[in-house]
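[1] Model the following, please.
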Amino acid sequence: MPVPVLHLCCGDSAAGVIRAGLPGSAVLVLRDDLAVGPLGDVDSDRPDARAAFWHAVFPDEDREAIESGGRLVDQLAQEAATLQGLPDAAEKVVLWHGSGAAEQLILRRALWALRDAPVPLEEVTVGPDLLPGALRRDMTAVGMLEPEDAPRAVATARPVDPGRRAKLAAEWERLRADSGGLRHHRDGTITTHPIDAHDAEILAAVGDDWMPAARAVGQPMGTITGFFATDAFVFWRLRQLAAQGRVELEGSPTTIRGCRVRRAR
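    Next up is the predicted model:
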């Protein structure tokens with residue numbers, strides 16, 4: 001039986017904000033970070049290429065924690081199936097997003113899933129005006145909201161008109177077919193980039209002397225623009241730089257906390 005209103009968001013932080021700020025609300029959380037990796041099979045019932053990408057990216061400790069809830073490929077397939085069932089899940093869907101690429105891509109993916117459905121749609125755009133205390137102003141995310149500000153945010157919800165629904169759904173189809181490894185969002189436009197587009201910025205954070213890998217990972221996480229770079233993604237790129245002989249790793253390359261890094265000598 002469909003719920004009266006379903007709030008759809010990206011990631012557990014965003015879901016936590018909505019649940020705490022709007023008690024009793026039905027919330028659907030999607031966890032796949034669509035800003036990175038191949039998208040070609042993401043909407044299929046066997047997203048093997050997407051799962052293989054994430055297996056390579058996640059350090060062992062992250063992967064083990066994630067797969068405690070089932071195999072990653074099965075979790076990704078379930079997310080695709082959930083989206084396919086979205087037209088029958090609610091009488092109205094409210095799509096929450098900020099300006100980061102992952103949330104913008106989930107917006108487009110959800111609109112694609114609802115492209116032929118008569119379900120009323122609204123979107124809540126979390127912009128800088130709703131985040132007066134945010135340290136970062138160039139990109140916004142629903143998870144940056146304080147829970148007590150969620151009612152004020154949902155009061156700004158506006159209907160998604162048919163033209164916008166069709167436009168963004170078509171964008172999702174185009175982006176899914178694109179072979180780019182990274183996706184950035186800026187001023188309403190999503191662009192694709194090579195997976196190593198930020199390697200120079202990540203390399204610049206590595207010193208000549210041994211340093212904790214966590215420090216080398218944290219700096220570019222705060223400066224990379226276009227998408228929110230996660231610690232798992234940046235650490236994976238560090239491992240790729242090590243494989244290329246550009247940096248050296250000491251300790252366990254399977255965990256950020258157990259590893260040190262320096263420029264190659």
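[2] Do a quick rundown of the strands in this structure.
    Under the criterion DSSP state E, the chain contains strands at 6-10, 26-30, 93-97, 121-125, 158-159, 182-186, 189-193, 211-212, 247-251, 259-263.
[3] mind putting these in TSV, mean pLDDT and distance to residue 152 included?
    Every residue, glycine included, has its C-beta placed from N, CA and C. Shown next, in TSV, are the strands of the chain (pLDDT from 0 to 100; distance: least, CB to CB, whole Å):
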stretch	mean pLDDT	distance to residue 152
strand 6-10	99	15
strand 26-30	98	18
strand 93-97	99	13
strand 121-125	98	10
strand 158-159	98	14
strand 182-186	97	24
strand 189-193	97	27
strand 211-212	97	39
strand 247-251	96	45
strand 259-263	97	42
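[4] of these, which approaches residue 80 most closely?
    Nearest to residue 80, of all these, is strand 26-30, at 9.9 Å by CB to CB.
[5] tell me what that closest one is packed against?
    When contacts are defined as 3 or more CB pairs under 8 Å, 6 or more residues apart in numbering; DSSP states H and E, strand 26-30 sits against strand 6-10, helix 12-21, helix 72-84.
[6] angle of it against helix 12-21?
    Strand 26-30 runs at 170 degrees relative to helix 12-21, counting by axes from the mean of the first three to the mean of the last three CA atoms, to 10 degrees.
[7] May I have strand 26-30 exported as CSV, CA atoms only?
    Extracted C-alpha coordinates of strand 26-30, given in CSV (Å, rounded to 0.1, in the frame of the first residue of the first chain):
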residue,chain,number,x,y,z
ALA,A,26,8.5,7.8,5.4
VAL,A,27,12.1,8.1,4.1
LEU,A,28,13.7,6.2,1.3
VAL,A,29,17.5,6.4,1.4
LEU,A,30,19.7,5.6,-1.6
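[8] In the sheet, which strands lie alongside that strand, parallel or antiparallel?
    Here strand 26-30 has these sheet partners by DSSP bridges: strand 6-10 (parallel).
[9] Between the strands of the chain, which one is closest to residue 37.
    strand 182-186 (8.5 Å).
[10] sorry, back to before: what's the closest of the helices and strands packed on strand 26-30 to residue 62?
    Nearest to residue 62 among the helices and strands packed on strand 26-30 is helix 72-84 (10.7 Å), distances taken as CB to CB.
[11] Residue 107 versus residue 232, what's the distance?
    According to CB to CB, to the nearest Å, residue 232 stands 23 Å off from residue 107.
[12] Same drill for those two, tell me which one is more crowded.
    residue 107 (22 against 19; other CB atoms under 10 Å).
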